[in-house]
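Novice: need a 3D model of the sequence below.
(2 chains)
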Amino acid sequence: MANEKGSRSLWALGWKRLRKDHIGFVSLWMVAAFVLLALAGALGLVASGWRNEVAKPYAPPTLLKSLGPKHVQLTAENIDAANKASEQANGQPSTGTSLTADEDPLAGDLAEASKNEGQYQEAATQKAETLPMGADLRGRDVLQKVLKGTSTSMLVGLMGSLAAIVLGTIMGGFGGYFGQKIDDLLMWFYSVFTSVPDMLLLLAFSAVLRRGISTVILVMALTSWTGTFRLMRAEFLKHKSREYVKAADAIGASHLRRMFVHILPNVSYLLLVQFSILTVALIKYEVILSFLGFGVSVTQISWGSMLAEAPAELIQGYWWQMACVTLFMSILVTAFSMLTDSLRDALDPKVK
Amino acid sequence: MRKGQFALAALTAILISGNGFAADMNKVLHVAFNAPETGFDPAKISDQYSSSIVENIFDPLITYDYLARPVKLIPNTTEAMPTISKDGKVYTFHLKHGIYFADDPAFGGKKRELVAEDYAYSIKRLLDPTINSPYSFLVNGRFVGGDELVAKAGKNTLDYNAPLEGIKTLDKYTLQLTLKETNFNMTYILSMPVFGAVAREVIEANAANTMAHPVGTGPYLLKEWKPGTKMVLEANPNYRKDVFNFAPSKDAIDAGIIKAMKGKTLPCIGRVEVSIIEEEQPTWLAFLEKQLDISGIPQPALQEALVIDPKDPTKATLNPKYAKMGIQHQRYKLQEVTYTYFNMDDSVVGGDSKEKLALRRAIAMAFPRSETIAAIRRGQAVPVNYMIPEGVGGHNPNFKGAAEYDPAKANALLDKFGYKKGADGWRVQPNGKPLSIEYATGSAAIDKQWNEYWQKAFDSLKIHVTWKVGKWNELDKEARQSKLQMWGLAWGADYPDGDNFMMLLYGKNAGDVNYANFKNAEYDKLFESSLKLPDGPERNKLYDQMNKIVVAQQPWIFGDTRVRNTLAQPYVKGFKIHPIVNTTWRYIDLQK
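Specialist: As a prediction, the model looks like this:
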């Protein structure tokens, strides 16, 4: 059958099957859209202004503003006004401090500086009363935040699982192919990592490293390679004694060539499935890490760090940030999981 | 008087036979702290969470009247307030007889009475170089002969048996303290939980781990301790007969408290369970679910729990929804200052040169304090403008010390001093080296909120900021070793006198409470002179000068003073916030 048309490889068959699977195909497009969004976010094409304070604190979503809490959100102007009043009542100076120019060593420099401060004055911007998805504590647009957060979370998920796959494949390949001492050593290494619960290992790594997206990716890769390792080791073990590998040996292919040019393409469909499973898992891990305060830093935003703001908001009745993140996250995670399922079915060589 | 004494002795006798014990072990009080404790050795702690426990286990000589406002000292384990010599240097305390420690194996199965020697020992422990007490600055240089004894010890254990003129016992129940210089705060200082009496046998038997083995004469004993998670106190069966007998102050709530509590033998509550809940939302939910009996209102819940007037946000009343449920609400402006310090020993932010000062001033001018008071404190705070807060002796309401919020001018100031912008748009140091500042912070959601505003301040100055994330007690340790660059702290009054705040920047307290490691000869000289003066205009003048130095040198960025809103469930009786004493557990009752 297969030798009739050389082009009908496993991948082509898989693609054909996937197109017939409507749910899988729709999921594929959705995931692709998210990936595009992530790329656009990473390149600064989308939501680059998410840190700008464009609205009043906790401005409600435009269409649902009646569903927000009723209390008044205090602003810095309220506080300034109250402070001014108490300064007057107490007889405190209305500008500057109680220090005279002689007492403050910087007085002369400050006076000089005030001549040059014009270049730094920011024009007062009109703060919006409502936004499409509402605003957060500092008046930042929740929609912008969630788009940028999607980018971060996707980036972490994709890069993290890619790194984990590469790590797991190389180690699994060596262990399975060479066996003996190398295998023993790698298996021992594997046992050490799997003996510690994933979450603890994640927290341990992130506690010693600096905050930031690259750290999160690194931590994810370091903790998630074990599954791929196990899988690849078994596959390489199985394949290394197959005839096509022996044939390659006979024509003089080196070990590395046999491993990565001959065996790897034959097991790569497993990696694709593994990749999509891991991506979903890592997106969730990133959310947990950031929620616990071990994830991205203050200047970065991810779904987890947005959700970390949610508890304090929810007791005040500001629900929109959480709703928005939940919506985006559930769409992506569901689509990705569906796609994984379909990929597994489509690429399974036993299914005709 | 004599009659009273006799009656007390008789009651104590009953107590020993077990009849005076009135605490109901079925009454369990649930409370929560928002940060972990460090331990329970009075000589080794300085944080509020640990001392909240310690003040219930150990007895200082003097304590505060529960109801009196302004606060008033009353005898605790002494017959009366100490007799003080005319020159204000010699304090004599007569201990009550028949006060016993809680049982402990170190006592060999016998009842162990509290004697004057225990206080002498406990105070000497604060001097001991091997203990390295965070509060040693309260005793160093104070007592006659103290310095010599410390010098003799060098780096070794203090010789507790050597005679010490400044801290001696006249007889079994009489303690005499002799000061080198007149000090008007000594009675206040001696009322602090760190001056609670420990028993030497217990300390020596548990030398390796005194933090985990507190045995005192106070109303409660430590029953269970899971560090950083949970502490359980139980009423001390050996506690002396103590009856609620306070006179009402002018406060309206006192009448109800006296009606509920008068004549009751203390403590009424048999068991106190303290949980550590670092996050604010679970604390609030736990209170609403009645899993906590007394709780502050966490900041995010303030707007929901209170009706706040935007014109004057420090005026607020309890939301009628909760008032109807009978929840008690008490408001109180804390006797505290919050501040962010710069480590003056640091090579980037510290130092006396004008360019370093300009950097510190610029950061102070760029921090949007009003925004944080609105958004994080929900208006329940007022700005700090003087090192001494309102309600504490020496406060000056006319003084304004906080740098004005003006990021534009701050930027121009940095330009002036050569903090140029590099090719990437971020500033470098005047010497051309990169400029990046590390700010210490916790990892809770509330810390992240604060960091957002600090990030904003540093971004507006185009200075890189990084975060050093750690647990409070770990950061505290590093701060004392001068390893942090910037950190935000709060200091609450140990006693209601300005001395307790001004000492926070005294040069000799560097490495202790002077986290900023601020060493300014003029400030130190003024501080030393201020110690010799009683509260009054003369001392206030010195305090003003010292504040001016602090404003000029900017080792601190002044923060805010919080207004505490505390709630208690309807069935908590006799509850009143005290400005100095951390906990009121021994004075309250539960009637469910």
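Novice: okay, which residue is most central for chain A?
Specialist: In chain A, the C-alpha nearest the mean C-alpha coordinate belongs to residue A:153, at 1.8 Å (CA atoms, centre = their mean).
Novice: show me what contacts that one?
Specialist: By CB atoms under 8 Å, 6 or more residues apart in numbering or on different chains, the contact list for residue A:153 reads A:283, A:286-287, A:302-304, A:329, A:332. Where you see a C-beta, it was placed from the backbone N, CA and C, and this is true even at glycine.
Novice: next, give phi and psi for the residue of chain A positioned farthest from its centre.
Specialist: Distance from the centre of chain A peaks at residue A:102, with 54.2 Å (CA atoms, centre = their mean). When read as degrees, to the nearest 10, the backbone of residue A:102 gives phi -70, psi -30.
Novice: so where does the residue nearest to the centre of chain A fall, helix or strand?
Specialist: Per DSSP states H and E, residue A:153 falls inside helix A:142-178.
Novice: for the residue nearest to the centre of chain A, give me the pLDDT.
Specialist: pLDDT for residue A:153: 89.
Novice: state the pair within the contacts of residue A:153 that is farthest apart.
Specialist: Spanning the widest gap among the contacts of residue A:153 are A:304 and A:332, at 13.6 Å by CB to CB.
Novice: which residues does the helix-or-strand element of chain A with minimal mean pLDDT contact?
Specialist: Taking mean pLDDT, DSSP states H and E as the measure, the helices and strands of chain A show their lowest mean at helix A:198-208, namely a mean of 77. Applying CB under 8 Å, 6+ apart, the contact partners of helix A:198-208 are A:193, A:196, A:215-216, A:218-220, A:222-224, A:285, A:288-289, A:292, A:294-295.
Novice: ok, stretch B:502-519 next?
Specialist: With contacts defined as CB under 8 Å, 6+ apart, stretch B:502-519 is touched by B:46, B:134-137, B:140, B:341-345, B:350, B:387-388, B:394, B:479-482, B:487, B:489, B:491, B:520-521, B:523-524, B:527, B:530, B:543, B:546, B:550, B:553, B:555-556.
Novice: and it, which residues are buried?
Specialist: Using 16 or more other CB atoms under 10 Å in any protein chain shown as the test for burial, stretch B:502-519 gives B:502-507, B:509-519.
Novice: filter the contacts of stretch B:502-519 down to just the ones in strands.
Specialist: Counting by DSSP state E, the part of the contacts of stretch B:502-519 found in strands is B:341-342, B:487, B:489, B:491, B:556.
Novice: so where's the stretch 1-150 of chain A shaky on pLDDT?
Specialist: Filtered on pLDDT under 70, the stretch 1-150 of chain A yields the residue ranges A:1-8.
Novice: mind jotting down where the helices sit in it?
Specialist: Per DSSP state H, counting those that start in this stretch, the stretch 1-150 of chain A carries helices over the ranges A:10-20, A:22-42, A:76-90, A:107-115, A:142-178.
Novice: one more: the stretch 301-450 of chain B?
Specialist: Along the stretch 301-450 of chain B, the segments classed as helices by DSSP H, counting those that start in this stretch run B:302-305, B:320-323, B:354-366, B:369-375, B:407-416, B:445-461.
Novice: would JSON lines of these with mean pLDDT be doable?
Specialist: Shown next, in JSON lines, are those (pLDDT from 0 to 100):
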{"stretch": "helix B:302-305", "mean pLDDT": "86"}
{"stretch": "helix B:320-323", "mean pLDDT": "92"}
{"stretch": "helix B:354-366", "mean pLDDT": "95"}
{"stretch": "helix B:369-375", "mean pLDDT": "92"}
{"stretch": "helix B:407-416", "mean pLDDT": "93"}
{"stretch": "helix B:445-461", "mean pLDDT": "90"}
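Novice: same list (these) but as TSV, adding mean neighbour count.
Specialist: Listed next are these as TSV, based on neighbours: other CB atoms under 10 Å in any protein chain shown:
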stretch	mean neighbour count
helix B:302-305	23
helix B:320-323	12
helix B:354-366	24
helix B:369-375	24
helix B:407-416	23
helix B:445-461	20
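Novice: out of these, which is closest to residue B:290?
Specialist: Closest to residue B:290 of these is helix B:320-323 (CB to CB; 12.5 Å).
Novice: anything in that closest one near chain A?
Specialist: No - applying CB under 8 Å from any CB of the partner chain, one finds helix B:320-323 separated from chain A by no less than 12.0 Å.
Novice: point me to the residue of the stretch 151-300 of chain A nearest chain B.
Specialist: For the stretch 151-300 of chain A, the residue closest to chain B is residue A:293, as judged by CB to the nearest CB, at 3.6 Å.
Novice: quick one: residue A:216 from residue B:353, how far?
Specialist: From residue A:216 across to residue B:353, the span is 40 Å (CB to CB, to the nearest Å).
Novice: of those two, which one has the most company?
Specialist: Neighbour totals were compared for residue A:216 and residue B:353, and residue A:216 leads with 32 against 11 (other CB atoms under 10 Å in any protein chain shown).
Novice: which residues of the stretch 101-250 of chain A lie near chain B?
Specialist: Contact residues (CB under 8 Å from any CB) of the stretch 101-250 of chain A with chain B: A:103-106, A:109-110, A:112-122, A:137-138, A:210-211.
Novice: can you say which of those are buried?
Specialist: Those of those that meet the buried threshold are A:104-106, A:109-110, A:113, A:117, A:120, A:137-138, A:211, by 16+ other CB under 10 Å.
Novice: which one of those residues is nearest residue B:266?
Specialist: Closest approach between these and residue B:266, by CB to CB: residue A:137, at 44.0 Å.
Novice: report the contact partners of the closest one.
Specialist: Residue A:137 touches A:57-58, A:309, A:313, B:375, B:449, B:452, counting by CB under 8 Å, 6+ apart.
Novice: ok, the residues you listed vs residue A:80, which is closest?
Specialist: Taking CB to CB as the measure, residue A:80 sits nearest to residue B:375 out of the contacts of residue A:137, at 13.2 Å.
Novice: so that closest one sits right up against residue A:78, yeah?
Specialist: No - contact criterion CB atoms under 8 Å: residue B:375 and residue A:78 do not qualify, at 10.8 Å.
Novice: break the chain down into its domains, please.
Specialist: Going with chain A. A:8-50+A:140-346, A:73-134 (automatic domain parsing).
Novice: hm, I was asking about chain B
Specialist: Using automatic domain parsing, chain B is parsed into the domains B:3-268+B:575-590, B:336-563.
Novice: quick one: the residue lying closest to residue B:545 once chain neighbours are set aside and chain A, what's the gap?
Specialist: Closest residue to residue B:545 apart from its sequence neighbours, by CB to CB, 6 or more residues apart in numbering or on different chains: residue B:526 at 5.6 Å. Spatial separation of residue B:526 from chain A under the definition CB to the nearest CB, to the nearest Å is 14 Å.
Novice: which non-adjacent residue is nearest residue 40?
Specialist: All of this is about chain A. In space, residue A:40 comes closest to residue A:46 once its chain neighbours are excluded; the distance is 4.3 Å by CB to CB, 6+ apart.
Novice: let's do chain B instead
Specialist: Residue B:40 sits nearest to residue B:214 (CB to CB, 6+ apart), 3.9 Å away.
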